[in-house]
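> sharing a model that was predicted from the sequence below.
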Amino acid sequence: MAKYILKRILYLFLTLFIIATITFFLMKMLPGTPFSNQNRLSPDQLAIVKAQYGLDQPIFIQYIRYIGGLFQGNLGTSFQFNNEPVTQLIGQRLAPSMQIGAQAMILGTILGILLGAVAAIRKNSWVDTLATFVSILGISIPSFVLAVLLQFYLAYKWHIYPVALWDNFQSSVLPTIALAALPLGNVARFMRTEMVDVLSSDYIELAKSKGNSEWQVVIKHALRNSLIPIVTIIGPMAVSTMTGSMVVENIFSIPGIGEQFVKSITTNDYPTIMGLTIFYSFLLILVFLVVDILYVLIDPRIRLGNGGND
Amino acid sequence: MDKILEVKDLHVNFATYNGTVQAIRGVNFDLAAGETLAIVGESGSGKSITVRSILQLLAKNADINKGTILYHGEDLLKKSKKEMDAIRGNKISMIFQDPMTSLDPTMTIGKQVAEPLLIHNKVSKKEALGRAEEVLRLVGIPNPKERMNDYPHQFSGGQRQRIVIAIAIVDYPEILIADEPTTALDVTVQAQIIDLLKELQQKIGTAIIFITHDLGVVAGIADRVAVMYAGKFVEYGSVDEVFYNPQHPYTWGLLDSMPTLDTSEDDHLNSIPGTPPNLLNPPKGDAFAPRNEYAMQIDLEKQPPFFKVSKTHYAATWLLHPDAPKVTPPKGIQKRFEKFKKLGDK
């Protein structure tokens, strides 16, 4: 297992290197320059500024320099955001995004699993219908619509939570709920389908014949077996929740990272684009690694390292 | 003999889109401590449903709408869910048909075997696992100590069935229900499993209800045999009585379609023509009558009661009525009658 994880981490860095290379050249093909006041600059001034940022060099040299910096953990300096180092920029903005993203994922997944499981156990009852209704709502209502509704009722009308603030845990509740709806709906749907399947399997009948009560059967046998496909969808969902919260961040005035990404692209802020792309890629690959490890922990039939010769 | 289980006038219906299927239509039998009763019949005759009714492990659309199932004189059908949980896996346990799908793929076999002990007894996890190891050795799993932490997919089909048996006997049940435990296995493994069941029965003294459609398997394990057709028993008696002195034409058909050591190359095996009746609308008379070459007018009109053949042997066919004409059973069955006479002479 340790050897496998080590190998995967090695691949992770290799993948990041390839992504960095592709992104670098794609980015250079973007129209426009980082300088918003270019028209007012004389050719001499422009040359000075370009030289200052190393943009006067051939693209290949720029690339070598950038990759060299990357190996030292240096993502460069932002052109736009007060000449801050990109690492610092990401670091500051990252925490709020990650916090509401992670909170939303945990809330959505746990509630989704519970809802789906209860729906499957009480198949075709009113609980099942209600669960289906809730999960369809969760999937079909866009998070920003839900965000505005929550803001209007829970914050503006009833004053339970702040309208738009980034302060303590309380201010993270509404954005968390708004973002949790989608994973909740998805997980609940998958969970119900899988659990219905598992509950009709032979080993569940055997578990009943051992004298387990209905709930013991679910907790000891059905739940774990139903979780295997859930793990598959949780990975990509976690990444999209943690990174794709831009609109919700805007609505609740959260100083997150999503907003910055868009801004950096429109202004050709090369180091920031690179830094965020590499960071998002890192997150995605890391989540996939975690998912694969979870598989092994949940399903003993998946074995590592011996090519499946069990 | 001490009767531990008495099933009386059991009726089970299934609600389906097409209507109510009367799957079990009045089944009566009893079971003595330590004996083996085999229930044979073709697919869909209701064998599995009969025994699953005992443990109340039926599908949700099933309805046990009539009858009693007395276990030591107490009606299991009147027990609460909780009381039934206390009986399952403890007093009465079950072995399932397909060992490839009967074990939880995500739990070690040690834990799966120990589970009934932890549910029904106040034992520590360690004690339960120790006992599980013992039972795994008893059912013939090599190196049980090392294999306790293995998962089902690491075992062969025959070994898995041994594990399923270990789960069923770990709490020394009084009654063991084996629902076609050898059907999914190949023939050599079948014989091993039958031997194992016999051996275990002697060691722990459990009674066995053995469900099968394979008459060859029955002869090796059962004390008594019941033949089932279309939701009813048609004949029951001791193994010798049913095998060598069969009275019901359906039993004749079954036995005649089975090769024996006396079957020569020139003989051809008979099959029973036709198909079983649709139990959405069960026939008025004997359900087997339309497929029965010996059927009389009364077979189509009235269900035959059980006629006594001997103290232990009963068959539900009008042929046993004193007024019925004498019929000549198939050749193979006549040979069996001769053997039965020799058995009687001994």
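Cool, got the structure.
> the helices in chain A, which residues?
Applying DSSP state H to chain A gives helices spanning A:2-28, A:43-52, A:59-71, A:86-121, A:126-140, A:143-150, A:169-199, A:202-209, A:214-217, A:223-243, A:246-251, A:258-266, A:270-298.
> mean confidence score for the last one?
Spelled out, that is helix A:270-298. The pLDDT scores in helix A:270-298 average 84.
> most centrally placed residue in the chain?
Unless you meant another one, I'm taking chain A. Centroid-nearest residue in chain A: residue A:239, 1.8 Å away (criterion: C-alpha atoms, centre = their mean).
> that's the wrong chain, I wanted chain B
Centroid check for chain B by C-alpha atoms, centre = their mean gives residue B:211 as the closest residue, at 2.2 Å.
> what does chain A have sitting close to chain B?
When proximity is defined by C-beta under 8 Å from any C-beta of the partner chain, chain A lies next to chain B at A:201-203, A:205-214, A:216, A:220-221, A:224-225, A:298-301, A:310. C-betas here are computed from N, CA, C, even on glycine.
> same thing but 10 Å
A:123-124, A:198, A:200-214, A:216, A:220-225, A:227-228, A:298-301, A:303, A:310 (C-beta under 10 Å from any C-beta of the partner chain).
> thinking again about what came up before, closest to residue B:4 out of the helices of chain A?
helix A:202-209 (18.3 Å; C-beta to C-beta).
> so how far is that closest one from its chain's centroid?
Here the centre of helix A:202-209 is set off from its chain's centre by 38 Å, with C-alpha atoms, centre = their mean, to the nearest Å.
> report the buried residues of it.
Neighbour counts over helix A:202-209 (16 or more other C-beta atoms under 10 Å in any protein chain shown) mark A:202-209 as buried.
> low-confidence ranges, the chain, go.
Since you didn't name a chain, this refers to chain A. Across chain A, the ranges flagged by pLDDT under 70 are A:36-39, A:81-82, A:243-244, A:303-310.
> I was thinking of chain B, sorry if that wasn't clear
Low-confidence segments of chain B (pLDDT under 70): B:1, B:346.
> in it, which spans are strands?
B:3-16, B:19-32, B:36-40, B:62-71, B:74-75, B:92-95, B:175-179, B:207-212, B:224-229, B:232-238, B:307-308, B:314-315 (DSSP state E).
> what strands line up against the fourth one, and which way round?
Same thing as strand B:62-71. Its sheet considered, strand B:62-71 pairs with strand B:3-16 (antiparallel), strand B:74-75 (antiparallel) by DSSP bridges.
> what does the last one give?
Partner strands for strand B:314-315, per DSSP bridges, with pairing direction: strand B:232-238 (antiparallel), strand B:307-308 (antiparallel).
> how close does the residue of chain A most remote from its centre sit to residue A:53?
In chain A, the residue that sits farthest from the middle, by C-alpha atoms, centre = their mean, is residue A:44; the gap is 44.4 Å. For residue A:44, the distance to residue A:53 equals 16 Å [C-beta to C-beta, to the nearest Å].
> and for residue A:144?
Taking C-beta to C-beta, one finds residue A:144 at 36 Å from residue A:53.
> again with residue A:186
Following C-beta to C-beta, the distance that separates residue A:186 from residue A:53 is 43 Å.
> which one of these two is surrounded by more residues?
More crowded of residue A:186 and residue A:53, by other C-beta atoms under 10 Å in any protein chain shown: residue A:186, with 21 against 16.
> could you find the closest non-adjacent residue to the residue in the stretch 151-300 of chain B that chain A sits nearest to?
Closest residue of the stretch 151-300 of chain B to chain A, C-beta to the nearest C-beta: residue B:151 (4.2 Å). Sequence neighbours aside, residue A:300 is the residue nearest to residue B:151 in space, at 4.2 Å (criterion: C-beta to C-beta, 6 or more residues apart in numbering or on different chains).
> same list (the strands paired with strand B:314-315) but as JSON lines, adding distance to residue B:268 and mean neighbour count.
What follows is the strands paired with strand B:314-315, written out as JSON lines (distance: least, C-beta to C-beta, whole Å; neighbours: other C-beta atoms under 10 Å in any protein chain shown):
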{"stretch": "strand B:232-238", "distance to residue B:268": "25", "mean neighbour count": "23"}
{"stretch": "strand B:307-308", "distance to residue B:268": "31", "mean neighbour count": "14"}
